[in-house]
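Participant: Sequence below, structure please.
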Amino acid sequence: MALLAANIDLIYIRDFLGHTSVKTTELYLRKDPSHIAKDTRAILDIVNNPEIKKDWKNPKVIDWLKSFE
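Facilitator: The predicted structure follows:
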């Protein structure tokens with residue numbers, strides 16, 4: 001994760017770890033909790049926009065996203 005956070009391309013991380021496939025490398029990746037929180041806040045900013053909110057087909061999705069606030 002530190003290499004990804006340093007903007008090292010996944011292909012180079014794959015090579016560094018000696019994996020034959022990027023898919024193998026992806027198995028070891030976990031999103032940093034601080035990034036998850038940041039991404040969730042960004043999504044909430046989008047879904048709280050009244051112009052976007054009216055186009056959502058399932059309002060339960062918005063309620064579910066808001067549960068992370």
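
Participant: what sits against the spatially closest residue to L17 that is not a sequence neighbour?
Facilitator: Leaving aside its chain neighbours, L17 sits nearest to T25 (6.1 Å; criterion: C-beta to C-beta, 6 or more residues apart in numbering). From N, CA and C alone the C-beta is placed, and that goes for glycine too. By C-beta atoms under 8 Å, 6 or more residues apart in numbering, the residues touching T25 are L10, I13, R14, L17, H19.

Participant: can you give me the offset of stretch 18-31 from its chain's centre?
Facilitator: 16 Å (C-alpha atoms, centre = their mean, to the nearest Å).

Participant: for the protein, where's the lowest mean pLDDT among helices and strands?
Facilitator: helix 50-53 (a mean of 69; mean pLDDT, DSSP states H and E).

Participant: Let me have the contacts of T25 in a markdown table, extended by distance to E51 and secondary structure.
Facilitator: Listed next are these as a markdown table, based on distance: C-beta to C-beta, whole Å; DSSP: H, G, I helix; E, B strand; the rest coil:
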| residue | distance to E51 | secondary structure |
| --- | --- | --- |
| L10 | 35 | helix |
| I13 | 39 | helix |
| R14 | 41 | helix |
| L17 | 44 | helix |
| H19 | 44 | coil |
